[in-house]
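**Q** predicted structure and sequence below. I'll ask about it afterward.
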Amino acid sequence: SAYGPGFFFIPGTDTCMKIGGYLRVDTTFDGGVQGSPAWNGDAGQHNRYFDYFAARSRMLLSIDTRTATDYGVVRTFGQGRFQFSTLGNNTFNPNSINGSLPVANSQLLDTPGGGVTTIQFLFIQFAGFTFGQSASAYSSPWQGFPGNISDFLLGGQNNDTGVNNIQYTADFGNGVTGTIGLDDPTVWDRTAVYNLSLPLNATLNTGNAYAGVHAPDVVGNIRVDQAWGLFQISAAAHEVNASYNVLNALGAPAGAVGLPGAAPTGASELSGHPDTSWGGAVMAALQIKNYPDRYR
C-alpha cells in the first residue's frame, strides 16, 4: 500500500511489484491503421490494389518494482509493446509483397508470425537519479501518446518511447522540481546534416554527412506540478558535428551498385572537416487541469 494500488509483495523478497498494460484491437475502414486517411498511394487512388480495411492488434506490458533499502527505495521499470497490423500504415501492390522477407520500401515489419516489438521504457531510479531509457528532461510530460492522438506535436521525444539518459531530479516541495540530465542523441536527437556542395543544390539534401556522436545532449527543466495544472520551462544543448569536407556527392540510384550520398571517399581523411558547433533550444509548457465549473 505504500506505493499505491496494484502492488504486491513478491513471495520471499522485500520487493513489491505491479504488472500493468492493455490489449487493443481495431479495424479502420477506408484508410490505414491508426486512422490514417486514404489520401495517397493506392488508398488515395482507390485503385484495384487498395485494401478496403486495415486491422491492428496491440498489447502493452509494464512491470514496476520497488525495493526498500537502508539508503532509500530502488525502483525499476520496464514497458514493452507488441503489435501486429496490416502492412504497417499503408497498402501496396500485392505483386511486390514477399510473405516471408521484408521488401525494400514496403514497411513489411508485420510479416506472417512477425509483427513489431518495441521497448519503450527501461530504467532504474534511486535517490533522485534515473539511469536507462526514460523520457527526456526536455520533454513536456503529455507530448505524444498517450496524451494526444498524434506523434507529430512539438515537445521533445514521444513519451511512449524514451531516450537513453542519466538524469537527476531535485524535489523542492509543494510540487516544484528541477531536473538536469544527459541524453544520448544517437537515435532520437540528430536530424540530417547536409553540407555537400558538389553539385550545390537548393535543398543541400545530397546525403547525411553527420559524424559520430562526441557528446551527449545536456538537458534540464524546472517544473511546477500542482492541482491546478502544470508549468514547465526546459532547455537543451546539442552538438552538431559533420564528418568530412570531401564526401561522395552523387549517390548511386536505387538498386544500383555504388557509394551512397555523403559516403566517405579516398580523399575524405585528407580534406579535413567543418568546425563543430553547439546549438540549443528552450521550451515553455502549460497544462490546465481544473477549469471552473462555468467553463466546463
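**A** Yep, that arrived.
**Q** and G114, that's in a strand?
**A** No: under the criterion used here (DSSP: H, G, I helix; E, B strand; the rest coil), G114 is coil, not part of a strand.
**Q** OK, contacts around the closest residue to it other than its chain neighbours?
**A** Distances taken as Cβ to Cβ, 6 or more residues apart in numbering put F84 closest to G114, at 7.5 Å, once the chain neighbours are dropped. All C-beta spots, glycine's among them, are computed from the backbone N, C-alpha and C. For F84, the contact set (Cβ atoms under 8 Å, 6 or more residues apart in numbering) comprises R56, S57, R58, D110, G114, G115, V116.
**Q** please repeat the previous calculation with a cut-off of 7 Å.
**A** Under the criterion of Cβ atoms under 7 Å, 6 or more residues apart in numbering, the neighbours of F84 are S57, D110, G115.
**Q** equivalent analysis for A127, please.
**A** Y71, G72.
**Q** how about 10 Å then?
**A** A127 is in contact with T69, Y71, G72, V73, V74, Y168, counting by Cβ atoms under 10 Å, 6 or more residues apart in numbering.
**Q** could I get these as a markdown table with distance to V257 and pLDDT?
**A** Shown next, in a markdown table, are those (distance: Cβ to Cβ, whole Å; pLDDT from 0 to 100):
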| residue | distance to V257 | pLDDT |
| --- | --- | --- |
| T69 | 58 | 92 |
| Y71 | 59 | 89 |
| G72 | 58 | 91 |
| V73 | 57 | 94 |
| V74 | 53 | 97 |
| Y168 | 50 | 98 |
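**Q** domains for this structure, by residue range?
**A** The record's domain split for the chain, according to automatic domain parsing, is 1-127, 168-296.
**Q** for the contacts of F84, point out the one with the lowest pLDDT.
**A** Looking at these, model confidence by pLDDT dips furthest at D110: 71.
**Q** my guess is it contacts R58, does it?
**A** No: using Cβ atoms under 10 Å, D110 makes no contact with R58, being 11.4 Å away.
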